[in-house]
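Q: Sequence and predicted structure, then a few things I'm wondering about:
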Amino acid sequence: MKSLFTILLTSAAFLCFSQETLLWSDEFNGSGVPDPEKWSYDLGASGWGNNEIQNYTDSYQNARMEGGVLAIEAHKYGTSWTSARLQTNNKFEFKYGRVVFRAKLPRGSGTWPALWMLGENFNTAGWPGCGEIDVMEHVGKNPGNVHVSLHTPSSHGNTVNTSWKYVIGFDTAFHTYQANWTPEKIEFSIDSVLLYTYNPFFKNASTWPFDKPFFIIMNIAMGGNWGSDPQYETGGLKNGIDPALTMARMEIDYVRVYQDSSGSSSLDQPFENGNPQDFKNTIIAPNPTSGILQIDLPAGILADGSLYNTVGERIHHFESASDYVEIDMSVLNKGLYFITLQSKGKYLTQKIIVQ
């Protein structure tokens with residue numbers, strides 16, 4: 001059975017954005033330094049929390065507009081690297097909308113380009129409390145594997161809220177990387193094809209720090225915890241970069257942010273609230289349980305189901321092919337869980353105790 005929920009998410013990538021208006025953009029159609037009214041720079045060689053080795057500068061060589069694009073370049077000097085990290089902090093922040101980057105990525109093992117966003121309360125809440133939305137990340141040691149990710153207090157660093165796609169011509173052609181952010185969910189697309197949706201059932205400070213304005217960041221990191229290629233590392237440092245590489249270049253054709261009249265994306269179309277009466281006579285037992293949980297559905301009801309923990313992470317998903325489902329709860333830690341059932345836009349939620 002393919003649920004209505006799944007069909008709606010799959011179709012979302014092909015909806016038009018007819019109600020949207022362009023809130024903010026930079027088309028990079030000039031020459032010279034990036035517009036100082038829109039962009040500022042992070043500066044320094046502090047490792048940036050990831051043991052990166054580049055020194056971020058505001059040098060024209062590391063970031064400039066030319067030929068209708070913004071070029072961000074990393075350059076090697078001896079054993080050191082310079083690069084650029086541009087941001088809109090204190091110049092432009094937004095809450096909910098669709099952000100689109102059209103970019104051509106660098107090639108080279110040891111490179112780590114990113115197009116992403118941080119919560120504007122970064123200086124007070126810290127990371128990951130402020131939340132992070134990674135619209136595009138690419139590590140050159142795995143060429144073509146483009147990642148999208150979210151970092152929250154409930155899942156950060158080696159996050160589980162992530163997906164990736166192999167992008168043909170990532171370094172030779174421009175591709176669009178976008179995040180559609182609403183009060184309910186964040187949808188990631190590459191070249192307008194939906195890749196990943198984050199929609200935690202329980203939204204709180206741990207799972208959903210995405211209820212405040214965010215600002216935009218674009219950069220090329222070198223080496224670092226994820227970007228470093230172990231075959232080239234020396235001295236126990238995360239400095240693994242192809243020794244033949246002397247320069248890496250990312251080109252951004254544009255950055256655009258759209259919103260609709262309500263301040264959220266036109267994809268923000270909530271599902272119809274259901275009537276639990278549709279699940280009358282559903283039996284979910286035994287509860288509490290330490291073994292097999294049985295779900296008996298009314299005749300003719302085929303449901304899409306999920307099991308969540310108390311921080312809103314979905315830890316099991318099932319689609320009922322009949323009126324009877326079994327879930328082995330003995331593999332879970334003791335505590336409180338939640339079962340949700342959905343069918344034709346209707347839903348039922350039930351607390352489950354594992355003892």
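A: Sure thing, it's come through. Remember, predicted model here, so these are calculated numbers, not experimental data.

Q: From now on I want contacts and neighbour counts done on CA atoms only, so please keep to that.
A: Noted.

Q: how many other residues sit next to Lys95?
A: 18 (other CA atoms under 10 Å).

Q: likewise Val146?
A: Applying other CA under 10 Å, we find 22 residues neighbouring Val146.

Q: How about Thr152?
A: Based on other CA under 10 Å, the number of other residues close to Thr152 is 22.

Q: and if you look at Ser80?
A: Neighbour count for Ser80, taken as other CA under 10 Å: 12.

Q: Spatially central residue for the chain, please.
A: The centroid of the chain falls nearest to Ser149 when counting by CA atoms, centre = their mean (3.2 Å).

Q: Give the next helix or strand downstream of the helix or strand containing that one.
A: Using DSSP states H and E, Ser149 sits within strand 145-151. From strand 145-151 onward toward the C-terminus, using DSSP H and E, the following helix or strand is strand 162-166.

Q: which helices and strands does that following strand pack with?
A: Contact analysis of strand 162-166 by 3 or more CA pairs under 8 Å, 6 or more residues apart in numbering; DSSP states H and E lists strand 145-151, strand 193-198 as its packing neighbours.

Q: ok, now with 6 Å
A: Packing partners of strand 162-166 (3 or more CA pairs under 6 Å, 6 or more residues apart in numbering; DSSP states H and E): strand 145-151.

Q: quick one: strands adjacent to the strand it packs on?
A: In the sheet, strand 145-151 lines up against strand 132-138 (antiparallel), strand 162-166 (antiparallel) (DSSP bridges).

Q: avg pLDDT for the longest one?
A: Right, strand 132-138. Averaging pLDDT along strand 132-138 yields 98.

Q: cool, stretch 308-328 as well?
A: Taken as a whole, stretch 308-328 carries a mean pLDDT of 77.

Q: got it, and stretch 105-113?
A: The average pLDDT for stretch 105-113 rounds to 98.

Q: looking at the strands paired with strand 145-151, which is buried most?
A: Comparing these by mean neighbour count (mean count of other CA atoms under 10 Å), strand 132-138 ranks first with a mean of 23.

Q: what does that strand rub up against?
A: 112-118, 146-151, 179 (CA atoms under 6 Å, 6 or more residues apart in numbering).

Q: Touching the host helix or strand of Glu187 from outside, list them.
A: Element membership of Glu187 [criterion: DSSP H and E] is strand 186-190. Outside strand 186-190, the residues within contact range by CA under 6 Å, 6+ apart are Thr176, Tyr177, Gln178, Ala179, Asn180, Leu194, Leu195, Tyr196, Thr197, Tyr198.

Q: relative to strand 193-198, how tilted is it?
A: With axes from the mean of the first three to the mean of the last three CA atoms, to 10 degrees defining the directions, strand 186-190 sits at 150 degrees from strand 193-198.

Q: What strands line up against strand 186-190, and which way round?
A: strand 175-181 (antiparallel), strand 193-198 (antiparallel).

Q: now the first one, how far from the centre of its chain.
A: It stands for strand 175-181. With CA atoms, centre = their mean, to the nearest Å as the basis, strand 175-181 stands 10 Å off its chain's centre.

Q: for stretch 94-105, same thing?
A: The answer for stretch 94-105 is 12 Å, by CA atoms, centre = their mean.

Q: cool, stretch 298-317 as well?
A: Offset of stretch 298-317 from its chain centre (CA atoms, centre = their mean): 23 Å.

Q: Just the buried positions in stretch 68-79, please.
A: Applying a neighbour-count criterion of 16 or more other CA atoms under 10 Å, one finds Val69, Leu70, Ala71, Ile72, Glu73, Ala74, His75 buried in stretch 68-79.

Q: related to what we said a few turns ago, point out the most buried one among the strands paired with strand 186-190.
A: strand 175-181 (a mean of 24).

Q: which residues sit against it?
A: Contacts of strand 175-181 (CA under 6 Å, 6+ apart): 96-103, 135, 186-191.

Q: And stretch 31-48, by the same measure?
A: Gln54, Asn55, Tyr56, Thr57, Arg64, Met65, Glu66, Arg85, Leu86, Gln87, Thr88, Lys91.
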